[in-house]
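Enquirer: pasting the sequence and the predicted coordinates here, then a few questions.
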Amino acid sequence: MTTHPKLEPLPAWEKTFCIEVGAMPWERFVESKKNLYEHDKVFK
């Protein structure tokens, strides 16, 4: 069984950076990050 790291809140500047530099809606970023943890064996 795999344990996933607990998601911690991001600082406000990091959210702003992801939105402005990454040109990605914040909700999409969060959903993508969740999917990485759910499918972590992709990287193995």
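Expert: Alright, I've got the coordinates. Numbers count the residues shown, from 1 in each chain.

Enquirer: tell me the SS of M24?
Expert: coil (DSSP: H, G, I helix; E, B strand; the rest coil).

Enquirer: got any ranges where this protein has weak pLDDT?
Expert: Within the chain, the ranges that satisfy pLDDT under 70 run 1-8, 37-44.

Enquirer: and the helices in the chain?
Expert: Assigned by DSSP state H, the chain shows helices spanning 12-22, 26-38.

Enquirer: contacts for the shortest one next, please.
Expert: What that stands for is helix 12-22. 24-26, 29 (C-beta atoms under 8 Å, 6 or more residues apart in numbering). C-beta: built from backbone N, CA, C; applies to glycine.

Enquirer: mind doing that once more with 6 Å?
Expert: By C-beta atoms under 6 Å, 6 or more residues apart in numbering, the list of residues contacting helix 12-22 from outside reads 26, 29.

Enquirer: do the same with stretch 24-32
Expert: Residues contacting stretch 24-32 (C-beta under 6 Å, 6+ apart): 15, 18-19.

Enquirer: P11 and S32, how far apart?
Expert: Counting by C-beta to C-beta, to the nearest Å, the separation of P11 from S32 is 19 Å.

Enquirer: same question, E20
Expert: For E20, the distance to S32 - C-beta to C-beta - is 17 Å.

Enquirer: P9 and K34: what is the separation?
Expert: Counting by C-beta to C-beta, the gap from P9 to K34 is 14 Å.

Enquirer: who has more neighbours, those two?
Expert: K34 (12 against 7; other C-beta atoms under 10 Å).

Enquirer: list the contacts for the more buried one?
Expert: Here K34 is in contact with no residue (C-beta under 6 Å, 6+ apart).

Enquirer: and L10, by the same measure?
Expert: By C-beta under 6 Å, 6+ apart, L10 has no neighbours at all.

Enquirer: quick one, phi psi at it?
Expert: phi -90, psi 150 (degrees, to the nearest 10).

Enquirer: can you pick the most crowded of the contacts of stretch 24-32?
Expert: C18 (18 neighbours).
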